[in-house]
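**Q** would you be able to build a 3D model of this:
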Amino acid sequence: MPSQELYETPSVSGLVAHLYDAAIDDTLWSGTATRIAESFRSTSTVLKLHGDGARVNLLECTDNLMVSEREQAWADDWHRKDLWVERSVAYGMSRIITDQDLVTPEEQARSGFYQEWLRRLDIHHMLGAVFSAADGAIGVLGIHRPQGAGAYSPTERRQAALVLPHLQRALRLGQRFAAVSQSHDAALEALDRLDTGVLMVDGAGRVIQASSMAERLLRENAELVLVRGRLALNPPALHDSLLSLVQGAMATARGRIAKSGAALSIPRPHRMPLALEVAPMRPTVSAFGEQRPAVLVFIRDPEAPIAVARLRELFSLTQTEGVVASALGRGASLEDIAANMGIGLATVRSHLKRILAKTGTHRQAEAVALLARSVSTVSNH
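**A** Reported below is the predicted structural model:
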């Protein structure tokens, strides 16, 4: 059968399309082994990676290859001692093989791999290949049938040869997307742990993304509002200043020279002002098109509570010393601390003296600067 006709077989063309869809969306990866088995009129499939030190990573397999937790160590041992993988590597990487290429009927009769492991899984015939994978690992594709189902035909071997390079590419794509996703998740996690709220906005102030701290600041401060998805400030005159900063940063992001100005103080009644800064985010360019430019908006609340537990860990403070240190870091006076905690001023001074000793500072101002910058403020984490 010509290659084009093999591709036009619905089971093969559908499988190839699924492999690329699963590479882009890993939620589709589950069930891929079953799709492969069905495409080759088989009962089971395994996809795995053999790495250094006999390490085996089982990527996907049909349900009938899963074993109980009690048998897992036994199964892991047979995966490491997979006779088919060992023989396939010697036979040649990325070459489609069947069990008939690797073992004789006499070996099947006496091999523990067949008699103990494969018989337990009702596997006798195999179609598959080994191939090079990331980080020096060996990728393994194994498609199986029981003995009564018959050996794999030359046509099925050719179909597997057509599918294999697509499987390899899909795995490489999936691994690259996973690495990008991990970097993206790490960046978002880092933003969420900052004591500064971070928003990404467009030139009109429309919020594209917001960190957890930014969302908290929006909830807790009437001066920060969202109007139809756009960041706005109260009073309106202050909002005009924000728009001017955002538009200037957007012009810079687009490569144009913009007037300087990137910071804004946001007054709050009876409280210290919020500090707002903007920074251009230049577009990235790829073969798939240019990503749009954006502006990063950073907002910090100088009165946000400082994590007492982290201060205690850093400087070996007692619980009370930690509370006093947190208040000092927020700029509270000794008198305010005493009033808020319901203790005497002399007691607060005594705690301050011990805090100075434990932090290695000599003046209250030094301690305040250290405490304010040593740990993040409390977030929603």
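**Q** contacting residues around the helix or strand where R120 lies?
**A** For R120, the host element (DSSP states H and E) is helix 119-121. By Cβ atoms under 8 Å, 6 or more residues apart in numbering, the surrounding residues in contact with helix 119-121 are 44, 64-65, 144. For glycine as for every other residue, the C-beta is placed from the backbone atoms N, C-alpha and C.
**Q** just stretch 292-300 next, same as before
**A** The contact list for stretch 292-300 (Cβ under 8 Å, 6+ apart) reads 195-203, 208, 214, 217, 224, 231, 246, 249-250, 253-254, 266, 274-283.
**Q** so which of those are in helices?
**A** 214, 217, 246, 249-250, 253 (DSSP state H).
**Q** dump those into TSV; add distance to H79, neighbour count and pLDDT as well.
**A** Conversion of these to TSV gives the following (distance: Cβ to Cβ, whole Å; neighbours: other Cβ atoms under 10 Å; pLDDT from 0 to 100):
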residue	distance to H79	neighbour count	pLDDT
A214	47	24	93
L217	51	22	94
V246	56	22	92
A249	54	25	91
M250	54	23	90
A253	51	20	86
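**Q** out of the residues you listed, which is nearest to D25?
**A** A214 (28.2 Å; Cβ to Cβ).
**Q** what residue spans form the domains of the protein?
**A** Structural domains annotated on the chain: 3-182, 194-300, 308-374, as defined by automatic domain parsing.
**Q** of all these, which one is nearest L188?
**A** domain 194-300 (7.5 Å).
**Q** among the ones in helices among the contacts of stretch 292-300, which pair sits farthest apart?
**A** L217 and A253 (23.2 Å).
**Q** which one of the contacts of helix 119-121 has the most neighbours?
**A** The residue in the contacts of helix 119-121 with the most neighbours, by other Cβ atoms under 10 Å, is H144 (27 neighbours).
**Q** can I assume that residue is in contact with H125?
**A** Yes - the pair H144 and H125 passes the contact test of Cβ atoms under 8 Å, sitting 6.6 Å apart.
**Q** list the contacts of T359.
**A** Taking Cβ under 8 Å, 6+ apart, one finds 315, 325, 367, 370-371 in contact with T359.
**Q** what do you get if the cut-off is 6 Å, keeping everything else the same?
**A** 315, 367, 370 (Cβ atoms under 6 Å, 6 or more residues apart in numbering).
**Q** and the helices in the stretch 201-350 of the chain?
**A** 212-220, 236-253, 308-315, 319-329, 334-341, 345-359 (DSSP state H, counting those that start in this stretch).
**Q** which parts of the top helix by length along the chain are buried?
**A** Longest helix of the chain, by residue count under DSSP H: helix 154-193. Using 16 or more other Cβ atoms under 10 Å as the test for burial, helix 154-193 gives 156, 158-160, 162-164, 166-168, 170-171, 174, 191-192.
**Q** could you tell me the angle between it and helix 212-220?
**A** 50 degrees (axes from the mean of the first three to the mean of the last three Cα atoms, to 10 degrees).
**Q** helix 154-193: how far from the chain's middle?
**A** 14 Å (Cα atoms, centre = their mean, to the nearest Å).
**Q** where are the low-confidence patches of the protein?
**A** Within the chain, the segments meeting pLDDT under 70 span 1-10, 258-261, 285-290, 375-381.
**Q** put the alpha carbons of the longest strand belonging to it into CSV.
**A** Assignment by DSSP state E gives strand 271-281 as the longest strand of the chain. Output in CSV follows, covering the C-alpha atoms of strand 271-281 (Å, rounded to 0.1, in the frame of the first residue of the first chain):
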residue,chain,number,x,y,z
ARG,A,271,-2.8,56.9,55.6
MET,A,272,0.5,56.9,53.9
PRO,A,273,0.3,57.2,50.1
LEU,A,274,0.5,54.3,47.7
ALA,A,275,3.5,54.3,45.4
LEU,A,276,2.9,53.6,41.7
GLU,A,277,5.5,53.1,39.0
VAL,A,278,5.2,52.1,35.3
ALA,A,279,7.7,50.4,33.0
PRO,A,280,7.5,49.6,29.3
MET,A,281,7.3,46.0,28.2
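**Q** pull the distance from it to the chain's centre.
**A** 28 Å.
**Q** which residues touch L224?
**A** With Cβ under 6 Å, 6+ apart, L224 has these contacts: 217-218.
**Q** quick one: V12 and H144, what's the gap?
**A** From V12 across to H144, the span is 18 Å (Cβ to Cβ, to the nearest Å).
**Q** ok, now which ones touch the spatially most central residue of the chain?
**A** Note on the chain: the residue nearest the mean C-alpha position is Q182, at 3.0 Å, using Cα atoms, centre = their mean. By Cβ under 6 Å, 6+ apart, the contact list for Q182 is empty.
**Q** quick one: secondary structure of S30?
**A** coil (DSSP: H, G, I helix; E, B strand; the rest coil).
**Q** need phi/psi at it.
**A** phi -60, psi 130 (degrees, to the nearest 10).
**Q** number of residues surrounding the nearest residue to it once chain neighbours are set aside?
**A** Nearest residue to S30 in three dimensions, chain neighbours excluded: E60, at 7.2 Å (Cβ to Cβ, 6 or more residues apart in numbering). Using other Cβ under 10 Å, E60 has 18 other residues around it.
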